[in-house]
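Novice: this is a predicted model, with the sequence first.
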Amino acid sequence: EGECLASAGEHVSLMVRSDGQIGAKGGPYRSRVAPDKVVRFVLLHRDCSFIVGSLPHEIWILVHDYILASNEEEKQKADECWCEVVRSGRFHSCAILYMLVELARSDTKPETPSLTGMFLKYLGDQVQTPDHSDEWYGHVCDNLPQLYEALQHEGTELVSPYLKEAYPNAVKDFGLLTEYIQICGDIALQMTSRYGMHVKYQQACAVEGRLQEQLREMVARMLRDYGDVFRVNAKGSLMYTGDSIKPTVNEAKLTERLLEVCRECGVSAPLDGAGNVSLATMHWQRYASQSDFIQLWVNLSATAKTHKCLTNLISCCSPKEDSSLAMVNPIYISMVRNGRAITKEPNVQGTPNVRELRELFVPSPGHVFLRLDYSFIELCTLAAVCEHRYGSSVLGQVIRKGVDPHCFTASIFHKVPLDEFQQKLENGTKEERDKFKMLRQHAKVFNFGIAGGEGAQTIVEFAKTSFNVTLTLEEAAHFKFILTNYVYPELSVYLEDNTVVNLARNLGVSLFDFKQKLSWKPS
C-alpha cells in the first residue's frame, strides 16, 4: 500500500505463494504482493537486500515477468532496479548457500534441498508440510533470515582456515563460497533456457542424413576389411548398443588389431590407467597416418559421436511452422560438483567442435550472438598462485607487461627475439603469419598442458586432439624441460610433490627454506 517493509540495507524475505502472489516479510511486517503491485514494491525496496529459500531464479524471474507485464509507467525503471539487486550482491538464496556448504563440507554432488530439510537441519524447526495457508507462509518468511544466518555461520567456519591465502576481497566480490557468482549463473542460465535457441532445423536433418550415410559406408568398409572387430550374436548378426548405428566393438579382437599395428609400426601401445591397452581413439590418433585400420577406426568413432549428438539435438527441437528454424530449450543445472554448469535435453555444452554442428545454432530474429572469452585465464590464475606461494613468477611478470605468454614461450622455444616474433605474427607476409601462428599454437600446448601436470605421452595426445599439433615423445619431453627450467622456472617447483608444499606451509616456512634444510634434491 505504498509503505516500505524495511529500510535501506535491511533484509526482506520473499517466497512465491500458490496463488501467484509474492509473500514478503521485512522487520515485523508481512505483506502479500499482487502481480499488479510488484513494480511499486520493487521501487520502494530498491535499496534493500532480499532472502529467498528456493533457488534464486524461481522468484527472481517471476518478479521480472510481473514487472514486464505491468502497465505501470515506471516498469522499465523497476526492472533496472530488480537487475541491480542481483548485480550488487543483495539477492541471497538459502538453497544456493546450503548446496555450497554441503559441497565444501563433503565434496559430493550438491542436491537441491527442501525448505523442510534446511529448517530441520539448521534451526531444529520441523516445518509442517506446506498447506499454503497464511500461517505457513508467514512462518517460513519469518524464519528465512535466521536460516540464512545459520548457513552463513557454517560457511564462514568452513572458509576461515583458508582466508589468509585467499584473494583479500574474495568474499566481498564473489560472495561466501561464491554464492554471488552462483546466483548470477542460476538466473542467467534459466533465462537462457526459457528463451531458448534457434536451430536451422532443415539443415540439421540434412546433415544428419549425410552423417548416417557416411557411417554406413565406414561400417561396410570395416566389415569388409576388418570384420572381426565387431560383435555378432548367435545368428551372426551385428550387435548394437542402444539406438547407436555403430556396431558394438569386440574389445578382445580390437586389442589384437591394435597390437598388430604396433608391431608393424614399431611403436608401443598406449595404456589406460589400469595398465591395459587403451581402446580410446584419442590415444591412437597420432598413429592414424601410419595405419589404414586406425585411420578408419578413428574416423568411424568421431563420426558416430557427431551423429549421436546431432540426433539428440534434432529430437529436442520444436520446429516452427512455415520456417526452416526450430527452437530448443536446453535444461541447465547450474551447480554440480566441479563448480560448472551442465546442460541436458539437449546437451548444447557438449556439442563437438565440428563446424557442421556449430553453425546450426543461429541468433533469434533481431538478435546477434555475443562471444566472450578470457585471455589465457588459466595462466593468469596459475601466475597468481605461484606469486603467492613462491614470492615471484616470471609468468606473472610477462602477463603484467601486456605480453602474450604464448608468444613469449614460442619465442624462447624457437630462439626468435620476442619483438621479431610478434611483428611477424601480426604484420608479416602471409607465409610468415601462418608460420608464427602455428608456432604460437605449438606453445599453447605446453603452456596449458604442462601446467596441468601432463607428462610427455599425454602432451602428445593433448596436442593432437586439442590443437591439431603433431609432436613426438622426444619433442614433448624436450620442450617440457625448456618450459619448466628456462621459460617459467617457477613451474618446476609448482609441479613437484604437493606433499612437500603442504608440509612446508603447515610448518610456517617457505618452500625454498624447507627444501634447503632437507638438502632437497629432485629426482
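Specialist: Okay, I see it. Predicted, not measured: the structure shown is a model, and the values here were computed from it. Residues are numbered from 1 along each chain as shown.
Novice: report pLDDT for residue 385.
Specialist: In this model, residue 385 is scored at 88, pLDDT.
Novice: how about the helix or strand it falls within: buried residues?
Specialist: Following DSSP states H and E, one finds residue 385 within helix 377-390. Within helix 377-390, the residues that count as buried by 16 or more other Cβ atoms under 10 Å are 379, 382-383, 385-386, 389-390. C-beta here means a position set from N, CA and C on the backbone, and glycine is covered the same way.
Novice: against which helices or strands is it packed?
Specialist: helix 394-400, helix 430-451, helix 490-494, helix 511-517 (3 or more Cβ pairs under 8 Å, 6 or more residues apart in numbering; DSSP states H and E).
Novice: as TSV, these with distance to residue 168, mean pLDDT and mean neighbour count would be great.
Specialist: Shown next, in TSV, are the helices and strands packed on helix 377-390 (distance: least, Cβ to Cβ, whole Å; pLDDT from 0 to 100; neighbours: other Cβ atoms under 10 Å):
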stretch	distance to residue 168	mean pLDDT	mean neighbour count
helix 394-400	17	95	18
helix 430-451	24	90	18
helix 490-494	22	89	19
helix 511-517	22	64	14
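Novice: on that earlier part again, now the angle from the helix holding residue 385 to helix 430-451?
Specialist: If you take axes from the mean of the first three to the mean of the last three Cα atoms, to 10 degrees, helix 377-390 sits at 50 degrees to helix 430-451.
Novice: closest to residue 359 out of the helices and strands packed on helix 377-390?
Specialist: helix 430-451 (22.5 Å; Cβ to Cβ).
Novice: phi, psi for residue 32 please.
Specialist: The phi and psi values for residue 32, taken as degrees, to the nearest 10, are phi -110, psi 120.
Novice: OK, contacts around residue 165?
Specialist: By Cβ atoms under 8 Å, 6 or more residues apart in numbering, the residues touching residue 165 are residue 388.
Novice: in three-state terms, label it for me.
Specialist: coil (DSSP: H, G, I helix; E, B strand; the rest coil).
Novice: and it, its phi and psi?
Specialist: Torsion angles, degrees, to the nearest 10, at residue 165: phi -100, psi -10.
Novice: show me what whatever helix or strand residue 96 lives in is packed against.
Specialist: Residue 96 is located in helix 94-106, with elements delineated by DSSP H and E. Helices and strands touching helix 94-106, by 3+ Cβ pairs under 8 Å, 6+ apart, are strand 49-52, helix 115-123, helix 134-159, helix 179-195.
Novice: ok, back up a step: for residue 362, which of the helices and strands packed on helix 377-390 is the nearest?
Specialist: So among the helices and strands packed on helix 377-390, helix 430-451 is nearest, using Cβ to Cβ, at 28.5 Å.
Novice: I'd like the next helix or strand past the closest one.
Specialist: That would be, after helix 430-451 and using DSSP H and E, helix 456-467.
Novice: pLDDT score for the residue minimising distance to the centre of the chain?
Specialist: Nearest to the geometric centre of the chain sits residue 340, at 4.0 Å (Cα atoms, centre = their mean). pLDDT for residue 340: 72.
Novice: need the contact list for it.
Specialist: Applying Cβ under 8 Å, 6+ apart, no residues qualify as near residue 340.
Novice: same thing with residue 262?
Specialist: 268-269.
Novice: that one falls within a strand, correct?
Specialist: No. If the criterion is three-state DSSP, then residue 262 is helix and not within a strand.
Novice: residues in contact with stretch 447-459: which ones?
Specialist: 270, 376, 378-379, 382, 405-406, 409, 445-446, 462-463, 471, 473, 476-477, 480, 483-484, 491, 494-495.
Novice: do the same with stretch 217-237
Specialist: 238-239, 245-250, 253-254, 257, 292-293, 296-297, 299-300, 303.
Novice: buried set for that stretch?
Specialist: 218-219, 222, 226, 229-231.
Novice: out of the helices and strands packed on helix 94-106, which is the most enclosed?
Specialist: Greatest average neighbour count among the helices and strands packed on helix 94-106 goes to strand 49-52 (a mean of 23), per mean count of other Cβ atoms under 10 Å.
Novice: what's that one packed up against?
Specialist: Strand 49-52 packs on strand 11-16, helix 56-69, strand 91-93, helix 94-106, helix 134-159, going by 3+ Cβ pairs under 8 Å, 6+ apart.
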